[in-house]
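Undergrad: mind looking at a prediction? Sequence and model below.
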Amino acid sequence: MKKTDLAYIAGIIDGEGCIHIQQRSGKNGYQLLLNVPSTDEWLPAWLNFAFGGSVFFRKSCLPNRQDVWVWQTSSNQAKACLEAIYPYLRLKQPQAKIAIEFQQNRRRGGYKTTEEKLIAEAQYILVKKLKHKKVV
């Protein structure tokens, strides 16, 4: 993929995307998610072609809001996308760094030690706090 495409995707993720560590039940505890909503079906389809994942349609429940198409990817596919666009991110680079580290440390089948679980919980909290940080 061209650098200009990666920079464009980074801008989309900075502006409209969501980098999220989702809390789950069971041994796996947490999962990395990356998604981008769009009122235009083309953008999520293009992101899906470039990085994999899935595209789904979300009908708005509110009368003043448009329906959206959402591209979503998770785990290693999300990590690969974030690694590719990381140099071009501006606003969400701190979230991306934590998310990449989270996925690198994640083990298939759950946490082996209490320390691994505590680190994942801390990364979950950090990403959540960074999402609500006001940039002045």
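TA: Received, thanks. Residues are numbered from 1 along each chain as shown.
Undergrad: all strands of the chain, in order?
TA: Taking DSSP state E as the test, the strands found in the chain are 18-23, 30-38, 54-58, 68-74.
Undergrad: using CSV, write out every CA atom in the last one.
TA: Pointing back at strand 68-74 there. Taking C-alpha atoms only, strand 68-74 is exported to CSV below (Å, rounded to 0.1, in the frame of the first residue of the first chain):
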residue,chain,number,x,y,z
VAL,A,68,-23.9,4.2,8.8
TRP,A,69,-21.7,1.5,7.5
VAL,A,70,-19.1,0.3,10.0
TRP,A,71,-15.8,-1.4,9.2
GLN,A,72,-14.5,-3.4,12.1
THR,A,73,-11.4,-5.5,12.7
SER,A,74,-9.9,-7.1,15.8
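Undergrad: just checking: what are the partner strands of it?
TA: Here strand 68-74 has these sheet partners by DSSP bridges: strand 30-38 (antiparallel), strand 54-58 (antiparallel).
Undergrad: quick one on the thing from earlier: can you add mean neighbour count and mean pLDDT and give the strands of the chain back as CSV?
TA: Glycine gets a C-beta too; all of them are placed from N, C-alpha and C. Output for the strands of the chain, formatted as CSV (neighbours: other C-beta atoms under 10 Å; pLDDT from 0 to 100):
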stretch, mean neighbour count, mean pLDDT
strand 18-23, 18, 93
strand 30-38, 21, 94
strand 54-58, 12, 93
strand 68-74, 20, 95
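Undergrad: now those in JSON lines, with distance to residue 83?
TA: As requested, those are arranged in JSON lines below (distance: least, C-beta to C-beta, whole Å):
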{"stretch": "strand 18-23", "distance to residue 83": "12"}
{"stretch": "strand 30-38", "distance to residue 83": "11"}
{"stretch": "strand 54-58", "distance to residue 83": "20"}
{"stretch": "strand 68-74", "distance to residue 83": "13"}
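Undergrad: for residue 125, find the nearest of those strands.
TA: For residue 125, the closest of the strands of the chain is strand 18-23, at 8.9 Å, according to C-beta to C-beta.
Undergrad: what's the angle between that closest one and strand 68-74?
TA: Angle of strand 18-23 versus strand 68-74, following axes from the mean of the first three to the mean of the last three C-alpha atoms, to 10 degrees, is 60 degrees.
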